[in-house]
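Asker: Sequence first, then the predicted structure, then my questions.
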2 protein chains.
Amino acid sequence: MDRALPQSVNEFDLIARLTPTLATNPSVVVPAGDDCAVLEAGWPDRYLLFKTDAVVEGIHFTADTEPRRVGHKALARCLSDIAAMGGTPWSAVVTLALPDDWKVGWVEECYVGLNTLASRYQVAIVGGETTTNPERLLLNIAALGTVPKDRCVSRAGAKAGDAIFVTGELGGSLEGRHLDFAPRLSEAQWLASHFQIHSMIDLSDGLAGDLRHVLNSSHVGAELFTDSIPISRAARLRSRSRASSKTPLEAALSDGEDFELLFTLASKDAVPLLDAWKQAFPDLRLGCIGKVTAASGLILRSKQGVQPLNALGYVHFEKS
Amino acid sequence: MDRALPQSVNEFDLIARLTPTLATNPSVVVPAGDDCAVLEAGWPDRYLLFKTDAVVEGIHFTADTEPRRVGHKALARCLSDIAAMGGTPWSAVVTLALPDDWKVGWVEECYVGLNTLASRYQVAIVGGETTTNPERLLLNIAALGTVPKDRCVSRAGAKAGDAIFVTGELGGSLEGRHLDFAPRLSEAQWLASHFQIHSMIDLSDGLAGDLRHVLNSSHVGAELFTDSIPISRAARLRSRSRASSKTPLEAALSDGEDFELLFTLASKDAVPLLDAWKQAFPDLRLGCIGKVTAASGLILRSKQGVQPLNALGYVHFEKS
């Protein structure tokens, strides 16, 4: 579910109503509602992953965004979802809905962005439907991936006592990261192959919102350690420059489109993970930011005490 | 390529420019440009089919079209493409881009249409991304199917001397068929399993346009027998009522969205096919409408002589 959906009716209610009604068949291992659908494809050792996602002009990029970055972002979002399952991307199809004033050069540049990213991960682009959307450009990608059956990670496996980890630094993605991020494919595959990851999601709706998806799917709660949440330089700059009315911490909790990995694993694995991570990915921060609790709800713990996060995934602190 | 694309720049030129640049990998058997992409999935006897397609409010349906029919049409278009490869559909993911004034009831009814059709063919709907498209609704479906390796039919196999066949009756789809058609899955699977079908396509752009796709892909030409082209009652009614300025024959040649099967096979198989078809599908017309020629180009032959079809796939007769 996209954070940009109009809010006049609750989007999560809508999805909750629709999901149980969806047509199914015996191949469905994980249905709609996770980062990707997981399908039994008859392979001995792997599942098929299937994902669709769209970016829309004026919502996910602007009319003056460089078209290469639009193509990059559209595909990278799908690859990030495949990463969040522990998977490897395989192929993708593109639907380009063009406005009345579309330009050939724009489309060609957009495809340069798509192809460059696809080639980096040996993803084949095997379809290019084109249609009309008079007022604005919309670019939809559907992507396939594969994942070893014993390394497929869903949102639903978080257990009370798990340590909660996040890669990178959060917030302020609008400064540029949302257009240029690299999907965390190798990191996620490494995690799923070296550790027993209980649950994983990519951060598209913001830390608080996406953690809530994990908690709801897993029927648990969580406590976040305020001082451990990694705040990006961009979030600090935006706050200082008043480009955003959020404090840096609020931005890290609620800004969307970080496209980092949020995952949980048994707390006994936390220190071995941090040690091994430093060897494997010395240039990418990994932080333990909290723990999973048996009690439902999402709580922020700081030196000053504890504070629940409200229902919208947004925490109202006084701006300091 | 969608017939509704703005024509300010030639859409086929654009696709022709983009297709060779697409990122690829060794699994691609048939790349972008056919009804579906065909992928080697490591199965001994089947290929994977992959397709994406969108319907847009104001283009493929109107704001007052019943939402169930919108859902039906969106999925049926993809299933028709899977049929045209000789395939069986498997699963689908849905992207719903909602306008600012979207209604929950509309979305639920649309999903009834999607689910009803999906269930009929044991297709699992495994993803439901939702986003914003402020001015109009857009519904994208990406679908997977499978096809036996020895029965996979592309557009590219038409041979000089082949007989050209079409199912059903053509033209006037706007009267209602474009919203309610049943994809020709069982018919196409029957054809591919009982006969050596050289090439096949589903009619979305209109007979002349889609036949031209087959001819271009196969590097051949064709002669159509004017008097054999099956004209729908809807096309005749529209012409008589002046709902369309086309003659019935023009409508049958150029109206889009018939979603019938157009295919070619060796002329020696034509009579056995017609005999077997009557047994298998007594209620669905099958007609031999022409022959494939070594010489390129598309010609109409009637009692009055021959006439080339012009470049737009539209033939200008005097309205009788």
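Answerer: Cool, got the structure. Numbering: from 1, shown residues only, chains lettered A, B, ... in the order given.
Asker: Spell out which residues of the stretch 101-250 of chain A are next to chain B.
Answerer: With Cβ under 8 Å from any Cβ of the partner chain as the criterion, the stretch 101-250 of chain A comes near chain B at residues A:102, A:104, A:107-108, A:111-112, A:114-115, A:118-119, A:122-136, A:138, A:140, A:142, A:144. To be clear about C-beta, it is placed using only N, CA and C from the backbone, and glycine gets the same treatment.
Asker: mind redoing it with 6 Å?
Answerer: Proximity of the stretch 101-250 of chain A to chain B (Cβ under 6 Å from any Cβ of the partner chain) is limited to residues A:104, A:111, A:115, A:118-119, A:122, A:124-133, A:135, A:138, A:140, A:142.
Asker: Now do the strands in chain A.
Answerer: Here chain A has its strands, by DSSP state E, at A:28-30, A:37-39, A:46-56, A:88-98, A:124-132, A:138-148, A:163-167, A:197-202, A:221-225, A:261-265, A:286-293, A:298-302, A:305-308.
Asker: can I get those in a markdown table with mean neighbour count and mean pLDDT?
Answerer: Formatted as a markdown table, these follow (neighbours: other Cβ atoms under 10 Å in any protein chain shown; pLDDT from 0 to 100):
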| stretch | mean neighbour count | mean pLDDT |
| --- | --- | --- |
| strand A:28-30 | 19 | 96 |
| strand A:37-39 | 24 | 98 |
| strand A:46-56 | 26 | 98 |
| strand A:88-98 | 26 | 97 |
| strand A:124-132 | 24 | 92 |
| strand A:138-148 | 26 | 98 |
| strand A:163-167 | 24 | 98 |
| strand A:197-202 | 26 | 98 |
| strand A:221-225 | 21 | 97 |
| strand A:261-265 | 26 | 98 |
| strand A:286-293 | 20 | 98 |
| strand A:298-302 | 18 | 94 |
| strand A:305-308 | 11 | 90 |
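Asker: would you turn those into a markdown table with distance to residue B:308?
Answerer: Converted to a markdown table, these look like this (distance: least, Cβ to Cβ, whole Å):
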| stretch | distance to residue B:308 |
| --- | --- |
| strand A:28-30 | 51 |
| strand A:37-39 | 48 |
| strand A:46-56 | 41 |
| strand A:88-98 | 31 |
| strand A:124-132 | 28 |
| strand A:138-148 | 38 |
| strand A:163-167 | 62 |
| strand A:197-202 | 55 |
| strand A:221-225 | 70 |
| strand A:261-265 | 60 |
| strand A:286-293 | 67 |
| strand A:298-302 | 70 |
| strand A:305-308 | 75 |
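Asker: Now do the contacts for the spatially most central residue of chain A.
Answerer: Centroid check for chain A by Cα atoms, centre = their mean gives residue A:202 as the closest residue, at 2.7 Å. Residue A:202 makes contacts with A:80, A:84, A:259, as judged by Cβ atoms under 6 Å, 6 or more residues apart in numbering or on different chains.
Asker: Kindly tell me how buried the second one is, as a neighbour count.
Answerer: A count of neighbours around residue A:84, defined by other Cβ atoms under 10 Å in any protein chain shown, yields 31.
Asker: now do the last one
Answerer: Burial of residue A:259, expressed as a neighbour count using other Cβ under 10 Å, amounts to 25.
Asker: Please apply the same query to the first one.
Answerer: Applying other Cβ under 10 Å, we find 28 residues neighbouring residue A:80.
Asker: before we move on, what about residue A:45?
Answerer: Neighbours of residue A:45 under the rule other Cβ under 10 Å: 10.
Asker: That concludes my questions; thank you for your assistance.
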